[in-house]
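*Asks:* no sequence on hand, only this structure:
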């Protein structure tokens, strides 16, 4: 009879011990034994709403894993913080309150300091290059992988975040037109905003719509085109801007590391094989969502203003050194084993390598051309 394990933490330690007992060692691979009889019911904690690009791609991944294991692995996607609050998902997966999770690194500057290089502006606007760079570094850079291991999680796949978008209640043509405005922003991009006279406001997306309505803030950023329109900000802030500042975060789908290390080898292989196709699936879904988001914005009478490239270059030259230093200081103060300067060079080199072969065109550029 097939043994069914619901891997909630009430039974997790016993189940993990039983699975690990047949381990062949080295990377958590198992010798097989009766592993073909094991089945697993897992829950994936997320703050994403149904219909967003990442859940749609992850559901395809779940289906591939289920088919490859003949139905022995079933993953339930838990939307909109139904299982854990967004800011607690990393810790919650690490301590076993959820078996899997979708996390954004911007929530965890102290826990994931090297990963937070994703939020340093002006590095890249290519979601594809960013995703491939992180995937490669996770396999090759010990300090980078160690900061995830330290949280008790294993990264299954990377879901890169597209470029930062600004949505304003009143239009602006350039950076001078943004001076004095209060704009919701997160991470290191907030420092770039401050340097040109924008007042960054740290509030969650759940508070933004009402804050825009009441005039508490003048705009919202810290979100891509599809994310901002998914939340209908174009209804009250239809003036979108592409500040050419690049990507602002990265996200990943993770699994509890003890659980991962104890999974049968064939289940690990099924997940790894599905993960190899994930970025392509995600980017395909993302482009579809971005095109739909553009239509939604334009149908609402919205506009896109693109910052002049020379002005963006001047802005980058003005603020990038200080922001890089701030990120490096955060890494050093976190107790990371990584050398921030060396990691910066390695990450940017990987990004440039993959940018050269990337076919991804940022959504705001595609939308502005329509």
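*Replies:* Ah, there it is. Please read these numbers as outputs of a predicted model, since none were measured by experiment.
*Asks:* helices or strands up against the helix ranked longest in the chain?
*Replies:* If you go by DSSP state H, the chain has its longest helix at helix 309-334. Counting by 3 or more CB pairs under 8 Å, 6 or more residues apart in numbering; DSSP states H and E, the packing neighbours recorded for helix 309-334 are helix 189-195, helix 340-355. C-beta coordinates here come from the backbone N, C-alpha and C atoms, glycine included.
*Asks:* quick one: residue 92 is in a strand?
*Replies:* No. Secondary structure assignment (DSSP: H, G, I helix; E, B strand; the rest coil) places residue 92 in helix, not in a strand.
*Asks:* if you skip the residues just before and after it, what's nearest to it?
*Replies:* Spatial nearest neighbour of residue 92, chain neighbours left out: residue 84 (4.3 Å); criterion: CB to CB, 6 or more residues apart in numbering.
*Asks:* can you give me the helices in this protein?
*Replies:* Under DSSP H, the chain gives helices at 9-20, 53-68, 89-94, 127-140, 142-149, 189-195, 205-214, 225-230, 257-262, 265-276, 278-299, 309-334, 340-355, 363-368.
*Asks:* quick check: closest non-adjacent residue to residue 336.
*Replies:* residue 113 (5.1 Å).
*Asks:* same check on residue 347?
*Replies:* residue 117 (5.5 Å).
*Asks:* and for that neighbour, the neighbour number?
*Replies:* Using other CB atoms under 10 Å, residue 117 has 28 neighbouring residues.
*Asks:* you'd agree it is up against residue 345?
*Replies:* No. The pair residue 117 / residue 345 is not scored as a contact, 10.9 Å apart, by CB atoms under 8 Å.
*Asks:* buried stuff in the longest helix of the chain?
*Replies:* Of the residues in helix 309-334, 312, 315-316, 319-320, 323-324, 327-328, 330-331, 334 count as buried by neighbour count, 16 or more other CB atoms under 10 Å.
*Asks:* out of the residues you listed, who's nearest residue 281?
*Replies:* residue 327 (30.4 Å; CB to CB).
*Asks:* what distance do you get for that closest one to residue 349?
*Replies:* When distance is defined by CB to CB, to the nearest Å, residue 327 is 17 Å away from residue 349.
*Asks:* also residue 70?
*Replies:* 42 Å.
*Asks:* per-residue confidence for the residue nearest to residue 92?
*Replies:* With respect to pLDDT, residue 84 scores 97.
*Asks:* around it, count how many other residues there are.
*Replies:* That count, for residue 84 with other CB under 10 Å as the rule, works out to 20.
*Asks:* rewinding a little: least reliable of the helices and strands packed on helix 309-334 by average pLDDT, please.
*Replies:* Among the helices and strands packed on helix 309-334, helix 189-195 carries the lowest mean pLDDT (a mean of 94).
*Asks:* what comes into contact with it?
*Replies:* For helix 189-195, the external contacting residues (CB atoms under 8 Å, 6 or more residues apart in numbering) are 119, 121-122, 164, 178, 183, 185, 199-200, 202, 221-222, 245, 248, 315, 318-319, 322-323, 326.
*Asks:* can you pull the pLDDT of residue 33?
*Replies:* 35.
*Asks:* close enough to count as contact, residue 312 and residue 245?
*Replies:* Yes. Using CB under 8 Å, residue 312 makes contact with residue 245 at a distance of 7.4 Å.
*Asks:* which sections of the chain are below the confidence cut-off?
*Replies:* 1-36 (pLDDT under 70).
*Asks:* good, wrapping up.
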